[in-house]
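>>> Predicted coordinates and the sequence they were generated for:
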Amino acid sequence: MFNSYGLGGYLVWSLWPEHKVFIDGREDVYLAPGVLREYVHCFDSRESWQALEKKYGFDFAVVRYPEAPPQAPEKSLEILAFPREEWSLVYFDDIVAIYARRSGANSRVAAAREIKTVQPMQASGYLDAIVKDPERTRAFLEELRANRAQHPNSFRSHFLMGMFAVKRGPEHLREAVQEFERTVVLNPDFAPAHINLGGLYLHLGRIGDAERAFEKALALEESDLAREQLRRLRSR
């Protein structure tokens, strides 16, 4: 198993001794043999990750979301570490995503539980191709609805549904607003949802709501987009 650093303690507690973690919070254990250094640099490049998985033979991975999806697709974990031709996404919630190697000991799980179209680690650009394909659209919506049934209070599922509604075009914008509004109810500290709400409110002429949404986003994290939109609103 490969796992993100912050998950190790919980995974030791819940899975030991059947499964061994790759790393946990006991830095002294992992520092001397070089594991901590390897972990820190494992997602620097595709080559770094491949060297690590070749050395340890990972069969499945439990990973936390990056603080913000990289805008360059090749930097996404979906491409850099877990390309779909090699790995199957079998689970995701608001905290983690789990990938299983297609050719490994979990190959049956990888085939039976694969989430084929949703890419929760990826920036939203991958949705552009899906919305143009009716069959892939149907599959994407089915997978998100199944995830929502499993995790009814998942802010991430609502956010993904909102992004998909935006990509589908103007007739779906009010649906997108509803999904993003539900997202910020479930997780008021998720800045991307506030930024998207601000843009949609602005499009719908809800200027006051847009200003408040951009202000909330900036209170949570730095955003050039939110700051520029606020500047324009206040200079009217």
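It's in.
>>> Kindly list the longest helix within this protein.
Counting residues, the longest helix in the chain under DSSP state H turns out to be helix 134-150.
>>> list the helices and strands whichever helix or strand comes after that one packs on?
Later in the chain than helix 134-150, the nearest helix or strand by DSSP states H and E is helix 155-168. With contacts defined as 3 or more C-beta pairs under 8 Å, 6 or more residues apart in numbering; DSSP states H and E, helix 155-168 has these neighbours: helix 127-131, helix 134-150, helix 173-186, helix 191-203. Glycine gets a C-beta too; all of them are placed from N, C-alpha and C.
>>> Could the C-alpha coordinates of helix 155-168 be exported in PDB?
What follows is helix 155-168 as a C-alpha-only set of coordinates in PDB (Å, rounded to 0.1, in the frame of the first residue of the first chain):
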ATOM      1  CA  PHE A 155     -19.400  18.400  -0.500                       C
ATOM      2  CA  ARG A 156     -17.100  17.100  -3.200                       C
ATOM      3  CA  SER A 157     -19.800  15.300  -5.000                       C
ATOM      4  CA  HIS A 158     -22.000  18.400  -5.100                       C
ATOM      5  CA  PHE A 159     -19.000  20.500  -6.300                       C
ATOM      6  CA  LEU A 160     -18.300  18.000  -9.100                       C
ATOM      7  CA  MET A 161     -21.900  18.100 -10.100                       C
ATOM      8  CA  GLY A 162     -21.900  21.800 -10.100                       C
ATOM      9  CA  MET A 163     -18.800  21.900 -12.300                       C
ATOM     10  CA  PHE A 164     -20.400  19.500 -14.700                       C
ATOM     11  CA  ALA A 165     -23.500  21.600 -14.900                       C
ATOM     12  CA  VAL A 166     -21.400  24.600 -15.800                       C
ATOM     13  CA  LYS A 167     -19.700  22.700 -18.600                       C
ATOM     14  CA  ARG A 168     -23.100  21.600 -20.000                       C
END
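>>> List of residues touching that helix?
Residues outside helix 155-168 that contact it (C-beta atoms under 8 Å, 6 or more residues apart in numbering): 92-94, 118, 120, 124, 127-128, 130-131, 137, 140-141, 144, 147-148, 151, 172-173, 175-180, 182-184, 186-187, 190, 192-193, 196, 200.
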